[in-house]
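> I'd like to go over a predicted model; first the sequence, then the structure.
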Amino acid sequence: MEETVAPQPDPDRHPVTGLETQAVIDAEITRIAHDYEQSGGSETQPRLDYPPYRSSLLRHPTKDLQHADPEGIELWAPCFGERDIDPLEADLTIQRDGEPIGERMVVAGRVLDGDGRPVRRQLVEIWQANAGGRYVHKRDQHPAPLDPNFTGVGRCLTDDEGNYRFTTIKPGPYPWRNHHNAWRPAHIHFSLFGTEFTQRLVTQMYFPGDPLFALDPIYQTIVDPSARARLLATYDHDLTQHEWATGYRWDIVLTGSHRTPLESDVEEGL
Amino acid sequence: MSTPIPTPGQTVGPFFHYALPYPGDRDLVAPGTPGAILLYGVVRDGAGNGVPDAMIEIWQADPSGRVPRATGSLRRDGFAFTGFGRSSTDRTGRYTFTTQRPGAVGGALPFFAVTVFARGLPNRLFTRAYLPLADDATPDALLAAAGDRSEVLLAREDPEIPGALRFDITLQGEGESIFLAFPGHSGA
């Protein structure tokens, strides 16, 4: 006679969503952090293979990166100019008819290359959720309000000292389906170009003191605590504006350029 | 002064579509321009499935091997060849560019410089899409170092579409693309 065995609940998965629990992800994050600490490593970039970030499982290369010396076209970067950008694109609070809801803030900083030189007249692109943690994207269906006055998209060119500056709304945290009850810390996505193509960077800026950091497998793809801290903006009261906006400063360092800067580079930047 | 340490990258995430794509982003030349070619390919994951939320950028010399210094990649005027293009993948993981064949810069083999971004990919990846090699061509240092995997660095002529070059990008597994680390890149 066959026995019928009642299915046992899986303690690693939420009974309703069927997604893995935060405890499962936390345990993996903790183990990787512990192994890294024991190794005495000094990694500065995210791991491409970081299993707690489930979406990365099938999307990271398994073979070592091939070392290459940049040549030809790679020693230069695309150019962007005044006609590419409207200066109004740096203010994300004036793109629609009305005022977006939320904490208005100024985000500013410098873009430097790995030798400490300012990256002049290069494109900075940002995108972010609104104050309620919702993106204007059809795939973002989490039931937070869309703000009709906020698109969450901005662009600017750095100035001659490498400075960028945006006026925007502080984004909210939002849920995602990496695991059950997964929430992303509030962040702004940044896209940057250096003076050569090998410096291309897409990253995320975070806010100090966010309680979600330890729980977030994307932030934790950077296993070195001091490297992770480089993604934190600093509250800057000198950027904060009287009765108007709070201020955050965040400087960005790209990798070094392999090309000797020419006089013409400087001229082109003017 | 100590050397500044580069800021870590992070994934482009799933919601870049309303920020990074722009009108004409994949048209380095207007479709129909004499000499225009199609450069396309499929971005695949480790299960062989197309990646619908990836973004590919290319940066290339013009057909005579000049490095473009023209601005206007975000506001295509239909005349200046700016050398830069950006294509998000479609539902099947396919990206496309309308462009020109790059010339050789400084006598090197001609190639498109390529960057790959995707949801689920913690940092951007670099690779090269070389033009198909002539029979008597000598592989350059990178192709030689790649040995029997060097084919994944070559775009190939598409016999079905005249003037089209196909360059597939495989993030993981069989036929995995070769991704590059340049001096100064570390831990990536």
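In hand now; what should we look at? Residues are numbered from 1 along each chain as shown, chains lettered A, B, ... in the order given.
> drop to CA atoms for contacts and neighbour counts, all remaining ones
Noted.
> any idea how far residue A:230 lies from residue A:172?
Distance of residue A:230 to residue A:172, given as C-alpha to C-alpha, to the nearest Å: 20 Å.
> I meant residue B:174, not that one.
The value you get for residue B:174 to residue A:172, if C-alpha to C-alpha is used, is 40 Å.
> more neighbours, the two?
Remark: of residue B:174 and residue A:172, residue A:172 carries more neighbours, 19 against 11, as counted by other C-alpha atoms under 10 Å in any protein chain shown.
> if I look at the more buried one, how far off is residue B:61?
As judged by C-alpha to C-alpha, residue A:172 and residue B:61 stand 42 Å apart.
> so what pLDDT did residue 77 get?
Picking chain A for this. pLDDT recorded at residue A:77 is 97.
> Chain B was what I was after
Looking at residue B:77, its pLDDT stands at 87.
> cool, residue B:186 as well?
For residue B:186, the predicted pLDDT is 77.
> Assign it to helix, strand or coil.
Here residue B:186 is recorded as coil under DSSP: H, G, I helix; E, B strand; the rest coil.
> Near it, how many other residues are there?
By the measure other C-alpha under 10 Å, the count of residues near residue B:186 is 15.
> can I assume it is in contact with residue A:46?
No. The pair residue B:186 and residue A:46 fails to qualify as a contact (C-alpha atoms under 8 Å) at a distance of 9.9 Å.
> SS state for the residue positioned nearest the centre of chain A?
Compute the mean C-alpha point of chain A, and by C-alpha atoms, centre = their mean the closest residue is residue A:204, 1.1 Å away. Each residue gets one of three states, and residue A:204 gets strand by three-state DSSP.
> Skipping adjacent residues, who's closest to it in space?
Spatial nearest neighbour of residue A:204, chain neighbours left out: residue A:189 (4.3 Å); criterion: C-alpha to C-alpha, 6 or more residues apart in numbering or on different chains.
> which helix is the longest one in chain A?
In chain A, taking DSSP state H as the definition, the longest helix is helix A:22-39.
> Touching it from outside, list them.
A:12, A:51, A:52, A:179, A:180, A:181, A:182, A:215, A:217, A:220, A:223, A:224 (C-alpha atoms under 8 Å, 6 or more residues apart in numbering or on different chains).
> Contacts for the longest strand along chain A, please.
Longest strand of chain A, by residue count under DSSP state E: strand A:104-112. Strand A:104-112 is contacted by residues A:93, A:118-119, A:158, A:161-170, A:239-240, A:244-254 when judged by C-alpha under 8 Å, 6+ apart.
> Which ones among these map onto strands?
A:163-169, A:246-249, A:252-253.
> Using TSV, please lay out those together with neighbour count and pLDDT.
Compiled in TSV, these are given as follows (neighbours: other C-alpha atoms under 10 Å in any protein chain shown; pLDDT from 0 to 100):
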residue	neighbour count	pLDDT
A:163	21	98
A:164	24	98
A:165	20	98
A:166	21	98
A:167	21	98
A:168	26	98
A:169	25	98
A:246	22	98
A:247	20	98
A:248	21	98
A:249	18	98
A:252	25	98
A:253	25	98
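> can you redo these as TSV with distance to residue B:164?
Formatted as TSV, the ones in strands among the contacts of strand A:104-112 follow (distance: C-alpha to C-alpha, whole Å):
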residue	distance to residue B:164
A:163	41
A:164	39
A:165	41
A:166	41
A:167	43
A:168	43
A:169	44
A:246	51
A:247	49
A:248	47
A:249	46
A:252	38
A:253	38
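> now, which of those lie close to chain B?
A:252, A:253 (C-alpha under 8 Å from any C-alpha of the partner chain).
> And for the residue nearest to residue A:204, the neighbour number?
Using other C-alpha under 10 Å, residue A:189 has 22 neighbouring residues.
> That one - that's part of a helix, no?
No. Under three-state DSSP, residue A:189 falls outside any helix and is assigned strand.
> Identify the residue nearest residue A:170 in space, chain neighbours excluded?
Among residues not flanking residue A:170 along the chain, residue A:103 sits closest, at 5.4 Å (C-alpha to C-alpha, 6+ apart).
> Sorry, slip of the keys, the one I care about is residue B:9.
residue A:203 (4.4 Å).
> what about chain B, any weak spots by pLDDT?
B:1, B:187-188 (pLDDT under 70).
> Point to the residue nearest the middle of it.
When chain B is reduced to its mean C-alpha position, the nearest residue by C-alpha atoms, centre = their mean turns out to be residue B:114, at 2.8 Å.
> Remind me what the helix or strand where that one lies packs against, helices and strands.
Using DSSP states H and E, residue B:114 maps to strand B:111-118. Packing partners of strand B:111-118 (3 or more C-alpha pairs under 8 Å, 6 or more residues apart in numbering or on different chains; DSSP states H and E): strand B:54-59, strand B:125-130.
> what about dumping the CA coordinates of that strand to PDB?
Below are the C-alpha coordinates for strand B:111-118, written out as PDB (Å, rounded to 0.1, in the frame of the first residue of the first chain):
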ATOM      1  CA  PHE B 111      37.300  46.400 -34.800                       C
ATOM      2  CA  PHE B 112      34.300  47.800 -33.000                       C
ATOM      3  CA  ALA B 113      35.000  48.500 -29.300                       C
ATOM      4  CA  VAL B 114      32.000  47.000 -27.500                       C
ATOM      5  CA  THR B 115      30.600  47.400 -24.000                       C
ATOM      6  CA  VAL B 116      27.900  45.100 -22.600                       C
ATOM      7  CA  PHE B 117      25.400  46.000 -19.800                       C
ATOM      8  CA  ALA B 118      22.500  43.900 -18.500                       C
END
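> beta partners of residue A:188?
In this structure, residue A:188 bridges to residue A:128, residue A:205 when assessed by DSSP bridges.
> neighbours of it, just the number please.
Each residue near residue A:188 was counted by other C-alpha under 10 Å, and the total is 20.
> do the same with residue A:39
Neighbours around residue A:39, by other C-alpha under 10 Å: 9.
> Also residue B:73?
26.
> List the contacts of it.
Counted by C-alpha under 8 Å, 6+ apart, residue B:73 has contacts A:79, A:80, A:84, B:25, B:28, B:82, B:83, B:84, B:85.
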